[in-house]
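Visitor: Please work out how this folds:
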Amino acid sequence: MFETTKALVLREVKYKEADRILTLFTADNGKITAKARGALRRNSRTAAATQQLSWSDMTLFFNKGKWTVNEASVIEAFDGLKGDIAAFALGSYFAECVEALSVEDQKEPELLSLALNSLWALSRGLHDPRKIKAAFELRLMSLSGYLPSVDRCAVCGAERPDEPVFDLLDGRLFCRRCCTRGSAVSLDDRSLEAMRYILSAPPKQIFSFALAGDALVTLGFAAENYLLAQTERSFGTLEYYKQFKTD
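Guide: Okay, here's the model as predicted:
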C-alpha cells in the first residue's frame, strides 16, 4: 500500500551502509518509523528530504507492518538552523520532545503545527530563542495533557497572586504565603502574564508577547523545569543545546 503524506523528520539513524531509519511525524498518521533505503548514497534523491528537521512530501510504502520511504522531496529545510549550532541543537530538542510526548500511529495536527511553527520562528530568527523555547515547552505540555492551572491562586483564589509561585509537580499557581510546597518556583507579574498568554493564544500567535530580561529568564526556568518534572526524564539534546547557547 502506497500513501502520500507530509512528514517532519524527528530523528535519523544510519542503518547498514547507506540506509536511514527515520522517526517521522506525519500529517496523516502521526508518529511512525520508516526506512529510507539508499538515502546516504551519493546523488540519492531522498537524501535532503530525509535529514533530521526536514519537512517533506513523502510517498511511503506500507507492507507487513513496516513503512518504507519510496519518494521524498523537501518542502522546508529550515536552513537557518544549519549555520547556527545552538539553533540546530534547540530545534533538535524540540524534535526530541515531540518524539517523547507524541503517540505512535495517532494523528496529532496541533502538535505537528506547534513543532513546525516553532522551527520556522527559530530558523527565521523571528524571536529570541529563549522566548520560542519557553512558549514551545508550555504549549507542548498543554497539548500533551499537562495543562497547568495558572488562572488564580489554588488556595485563596486571587487572580493577581501576591508574589506568585508555580508548583512544578502539580502545575498549580499559588501566592507565596499560600504555598508550602518545596517544588514551587518563583514567578513575577510579567512572567505569569506571559505564561497565561502562551497557554491561551491562537496557535500561530503563541510567540507574540513582549518579555525580556529577568522576567524572560524566570519564564524559561519555570517552563523547562515543568516539562522535566512532568515527563520525569532528561533530554540529551537539551544538555547539548546548553553547551552552545550564549544567553
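
Visitor: Which residues in the stretch of helix or strand residue 90 belongs to does the neighbour count mark as buried?
Guide: Using DSSP states H and E, residue 90 sits within helix 85-101. By neighbour count on 16 or more other CB atoms under 10 Å, the buried set for helix 85-101 is 86-98, 101. From N, CA and C alone the C-beta is placed, and that goes for glycine too.

Visitor: Residues contacting that helix, please?
Guide: 8, 10-11, 23, 25, 31, 52-53, 78, 80-82, 111, 115, 118-119, 122-123, 129, 132-133, 136-137, 140, 144, 227, 231, 233, 235-238, 240-241, 243-246 (CB atoms under 8 Å, 6 or more residues apart in numbering).

Visitor: how much space between residue 105 and residue 35?
Guide: As judged by CB to CB, to the nearest Å, residue 105 and residue 35 stand 16 Å apart.

Visitor: which stretches of this protein form strands?
Guide: Per DSSP state E, the chain carries strands over the ranges 2-15, 19-26, 30-36, 55-63, 66-76, 164-167, 173-175, 184-186.

Visitor: How confident is the prediction for the nearest residue to residue 123 once chain neighbours are set aside, by pLDDT?
Guide: The shortest distance from residue 123 to any non-neighbouring residue, by CB to CB, 6 or more residues apart in numbering, is to residue 80 (3.4 Å). pLDDT for residue 80: 96.

Visitor: Could you do the one 3 residues further on as well?
Guide: Per-residue confidence for residue 83 comes out at a pLDDT of 87.

Visitor: as a whole number, average confidence for the longest helix along the chain?
Guide: In the chain, assigned by DSSP state H, the helix with the most residues is helix 213-231. Mean per-residue pLDDT for helix 213-231: 98.

Visitor: residues in contact with that helix?
Guide: Applying CB under 8 Å, 6+ apart, the external contacts of helix 213-231 come out as 97, 100-101, 128, 130-131, 133-135, 137-138, 140-141, 146, 148, 166, 168-169, 171, 183, 185-188, 190-191, 194-195, 211, 234-235, 238.

Visitor: if you set the cut-off to 6 Å instead, what comes out?
Guide: Helix 213-231 is contacted by residues 130, 134, 137-138, 141, 146, 166, 168-169, 185, 188, 190-191, 194 when judged by CB atoms under 6 Å, 6 or more residues apart in numbering.

Visitor: Repeat that for stretch 238-247.
Guide: Contacts of stretch 238-247 (CB under 6 Å, 6+ apart): 85, 86, 89, 90, 93, 130.

Visitor: let's see it at 8 Å
Guide: By CB under 8 Å, 6+ apart, stretch 238-247 touches 85, 86, 89, 90, 92, 93, 96, 129, 130, 224.

Visitor: could the residues you listed go into JSON lines alongside distance to residue 45?
Guide: Putting these into JSON lines (distance: CB to CB, whole Å) gives the following:
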{"residue": "85", "distance to residue 45": "28"}
{"residue": "86", "distance to residue 45": "31"}
{"residue": "89", "distance to residue 45": "28"}
{"residue": "90", "distance to residue 45": "29"}
{"residue": "92", "distance to residue 45": "25"}
{"residue": "93", "distance to residue 45": "29"}
{"residue": "96", "distance to residue 45": "27"}
{"residue": "129", "distance to residue 45": "33"}
{"residue": "130", "distance to residue 45": "38"}
{"residue": "224", "distance to residue 45": "39"}
